[in-house]
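>>> what's the 3D shape of this:
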Amino acid sequence: MKLIASIDQGTTSTRCIFFDKKGEIVSVAQKEHEQIYPQPGWVEHNPEEIWKNTQEVIAQARIKKGIKIENIVACGITNQRETAVVWNKRTGKAYYNALVWQDTRVGKTVEKLEKEFGSDWIRAKTGLPLATYFSGLKIQWLLENVDGLREDAEKGEAIFGNMDTFLVWNLTGGIKGGIHITDVTNASRTQLMNLETQAWDDEILQKLNIPKAMLPEIKPSSMKYGDITAEPMAGVPIAGILGDQQAALVGQTCFKPGEAKNTYGTGCFMLLNTGEKAISSKYGLLTTVAYQFENQPVHFALEGSVAIAGALVQWVRDNLGLIKESSEIQTLAEAVEDNGGAYFVPAFSGLYAPYWENTARGVVAGLTRYVNKNHIARAVLEATAYQTLDVLEAMEKDAGIEITSLRVDGGMTVNELLMQFQSDMLKVPVIRPMMIETTALGAAYAAGLAVGYWENFDDLIANWGVDKTWTPKMDDTLRDKNFKGWKKAIERSLNWED
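Predicted coordinates:
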C-alpha cells in the first residue's frame, strides 16, 4: 500500500502520521517537547529537541505498522507558524532557543514602531498589524540580543526559518547541503513578505534592520522541493509545506471562496477562503495566504487568530491542578447548567483578533459566592466559543459574506458541550468531519497532489465526510445575555499592562 507521510510540528508536540488514499490514518506517533518560560511573557522551545523528536516520531510511526521506505510516496510538513529560529549553516547549531509565536518580549518594540510609523504602512504591505505575534520582530530581537549573531547574519552564515524551514533544512542534509526554503503561507506570517509580490519586502527589511541573506527562498505550498537524506525516511521527496492553519483549510477541502473552517488547538484559528483576491481587513482580522499549488495563482484567506483556546484547559490542569487530564474539563462543566455568571478572558499574552491589544491580561470576572469549580470549568470552555464569535462577526463584516455553517477540527472538537455551545452562540450549524486531524491531512494532500498520488481537488473533496453536526438550540434572549457578559469581561481585561 502506497502512503503519504505528514510531519505535524505543533506548539506542544511533534507528530508523524501516515495517510492512505482515502485520507485515513494508517499509523501515528507523537512526542511532546518542553515549554520554556524564562520570564513572564517569554515562551521558548529548544529547536534541537524538536529536531530529535521529529526523527523519533518518523521512526516510531514506521515501526508501528512496519512501513517500508518504498511504500512512502512523499512527505508533507505542517508547522506552528511564526515561531522563529536562527541557526548557523556551517555548524547546524541554533544561536538561541526558538522564540514561540506566543512570546511577547518584543512588546516595547511594537509600541515604539506604532509611534514611529503607525501600523497602516506594514498592514498595507503584509496584511498583518504590528503585534508581538509575527516572526519579523523576533528575528530583530535575536539580532540585537545574541552576541555575534548580526555579524554572522551579514556574512550569510546565520540563517532564519520558522519551524518548517528548520526541519526541511535538517531533513535534506543540514550542514551537508540542506535546502533553505519556506512556503508562501509561512512566509506570509513573518511580516516580512509583501502580499502583492509574494517576495521579501526590502523596505520592511531595511526599517527592521534584518539582512536579506538570512531569509529562506519562498516556494509554492505544493511541489517537489527535494529528497530527504535523514535516516528515518531517506530518499522520500518532500513535496508539501503549509503553516498549520492553512493546512487545516486544505485538509477541510475549503477550496471555494466563502468556505470557512475553525481549528481548536493550543490557540483557535478561523480561516475564510477569499479566492485569488486579498481582502484587507477593517475589523481586526489578518489577510494571509491560504495556499498555492504549483503553477497556480496564490489563494488568500481572512484569518481570525485567538491565542489561547486549548492552552487554557492545559493551564487549568498544570497551573491550577483542578483536573488531572484535559478531558476531565467536560465532566466538571457538565455538572452545572450554566457559567453561574462567571467569565474567563484568557488574555495571557494580550488579546489577538479582532482586538489586537498587547496590554490586555487574563481575568476571571463575575465571581460570587455561588460560583464553584464547575462554573469555572464551564467558563473556561465558553471562552473559546465567545472568542470564535468575536472573530466570526468581524469576518462577516469584512468579507460581506454571511457564513451559513462552520467546519471545525482540532483536539477540542471532541468536547461535545463546547461544540453545542459554539453552535448556539454562532447561530449556525457546526460540522465536525470524520477526520479531525485535518492539519496533518492538509500537508499530506499538498505533498500527494505534487507527486500525482491524488489527481485533483475532486479526489480530496470525495474523502471529506461528516461525523457530527450540532445545530443552534439556545433562545436569542439568553444568547444575547451571555454575549453581553463576555463583552463586559473583555473590557475588564484591557490596559492591564502599563
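
>>> and the gap between the residue of the chain positioned farthest from its centre and V380?
Computed with C-alpha atoms, centre = their mean, the residue of the chain farthest from its C-alpha average is R369, at 38.0 Å. R369 sits 20 Å away from V380, going by C-beta to C-beta, to the nearest Å. Glycine gets a C-beta too; all of them are placed from N, C-alpha and C.

>>> now do the end-to-end distance for stretch 391-411.
End-to-end distance for stretch 391-411: 20 Å, by C-alpha to C-alpha, to the nearest Å.

>>> give me the buried positions along that stretch.
391-395, 398-399, 401, 403, 406-411 (16 or more other C-beta atoms under 10 Å).

>>> repeat that for stretch 457-475.
459-460, 463-464, 470, 472.

>>> what's the answer for stretch 188-199, then?
So for stretch 188-199, counting by 16+ other C-beta under 10 Å, buried means 188-195, 198.

>>> just stretch 91-105 next, same as before
Result for stretch 91-105 [16+ other C-beta under 10 Å]: buried residues 94-105.

>>> any idea which of those is closest to N145?
Y96 (8.0 Å; C-beta to C-beta).

>>> correct me, but A248 touches K261?
Yes: with contact defined as C-beta atoms under 8 Å, A248 counts as touching K261 (5.9 Å).

>>> give the residues shared as contacts by these two.
271, 409, 438 (C-beta atoms under 8 Å, 6 or more residues apart in numbering).

>>> could you count how many residues lie near the last one?
What that stands for is T438. By other C-beta atoms under 10 Å, the residues close to T438 number 29.

>>> that one and T263 touch, don't they?
Yes: with contact defined as C-beta under 8 Å, T438 counts as touching T263 (7.4 Å).

>>> can you name the element that comes right after the longest helix seen in the chain?
Secondary structure of the chain per DSSP state H: the longest helix is helix 373-399. Using DSSP states H and E, the helix or strand that follows helix 373-399 in sequence is strand 406-409.

>>> need the pLDDT of the closest residue to M214 other than its chain neighbours.
The spatial neighbour of M214 that comes closest, neighbours along the chain excluded (C-beta to C-beta, 6 or more residues apart in numbering), is F160 at 4.5 Å. Reported pLDDT at F160 in the predicted model: 97.

>>> neighbours around F160, how many?
Neighbour tally, F160, other C-beta under 10 Å: 27.

>>> what sits against it?
84-86, 135, 139, 214-216.

>>> narrow the residues you listed to those in strands?
The strands, defined by DSSP state E, take in 85-86 from these.

>>> that older thread, quick one: secondary structure of the residue nearest to M214?
strand (DSSP: H, G, I helix; E, B strand; the rest coil).

>>> do you know how far it is from P129?
For F160 relative to P129 (C-beta to C-beta), the value is 21 Å.

>>> again, but for A447
32 Å.

>>> and what of Q330?
The value you get for Q330 to P129, if C-beta to C-beta is used, is 35 Å.

>>> same thing with E334?
For E334 relative to P129 (C-beta to C-beta), the value is 38 Å.

>>> N463 now?
Taken as C-beta to C-beta, the span from N463 to P129 is 36 Å.

>>> go on, K219?
26 Å.

>>> repeat that for A247.
When distance is defined by C-beta to C-beta, A247 is 23 Å away from P129.

>>> do you have the strands of the stretch 1-150 of the chain handy? List them.
For the stretch 1-150 of the chain, applying DSSP state E, counting those that start in this stretch gives strands covering 3-9, 13-19, 25-32, 44-45, 72-79, 85-88, 98-99.

>>> need these in CSV (columns: mean pLDDT).
Formatted as CSV, the strands of the stretch 1-150 of the chain follow (pLDDT from 0 to 100):
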stretch, mean pLDDT
strand 3-9, 97
strand 13-19, 96
strand 25-32, 96
strand 44-45, 96
strand 72-79, 97
strand 85-88, 98
strand 98-99, 97
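
>>> check what pLDDT the closest residue to F255 other than its chain neighbours gets.
Distances taken as C-beta to C-beta, 6+ apart place F457 nearest to F255, at 5.3 Å, with adjacent residues excluded. pLDDT for F457: 91.

>>> now swap in the one 10 residues further on and tell me
Model confidence at D467, expressed as pLDDT, equals 93.

>>> which SS class is it?
With three-state DSSP as the basis, D467 sits in strand.

>>> could you dump the strands of the stretch 1-150 of the chain to CSV with distance to T288?
Below are the strands of the stretch 1-150 of the chain laid out as CSV (distance: least, C-beta to C-beta, whole Å):
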stretch, distance to T288
strand 3-9, 19
strand 13-19, 23
strand 25-32, 27
strand 44-45, 22
strand 72-79, 15
strand 85-88, 21
strand 98-99, 20
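
>>> of those strands, which is nearest S119?
Evaluated with C-beta to C-beta, the strands of the stretch 1-150 of the chain place strand 98-99 nearest to S119, the distance being 20.9 Å.

>>> so which elements touch that closest one?
Packing partners of strand 98-99 (3 or more C-beta pairs under 8 Å, 6 or more residues apart in numbering; DSSP states H and E): strand 44-45, helix 135-145.

>>> buried residues in whichever strand or helix holds W486, which are they?
Assigned by DSSP H and E, W486 falls within helix 476-493. By 16+ other C-beta under 10 Å, the buried positions in helix 476-493 come out as 479, 482-483, 485-486, 489-490, 493.

>>> who's in contact with S280?
Contacts of S280 (C-beta under 8 Å, 6+ apart): 123-124, 127, 287.

>>> rerun at 7 Å
S280 sits next to 127, 287 when contact means C-beta atoms under 7 Å, 6 or more residues apart in numbering.

>>> number of nearby residues for the nearest residue to P297 once chain neighbours are set aside?
The shortest distance from P297 to any non-neighbouring residue, by C-beta to C-beta, 6+ apart, is to E276 (5.2 Å). For E276, the neighbour count with other C-beta under 10 Å is 11.

>>> now the one 10 residues further on
Under the neighbour criterion other C-beta under 10 Å, L286 is assigned a count of 26.

>>> which ones are touching the nearest residue to E32 once chain neighbours are set aside?
Nearest residue to E32 in three dimensions, chain neighbours excluded: S13, at 4.4 Å (C-beta to C-beta, 6+ apart). Applying C-beta under 7 Å, 6+ apart to S13 gives the contacts 30-33.

>>> same check on E357?
Going by C-beta under 7 Å, 6+ apart, E357 touches 350-351, 494.
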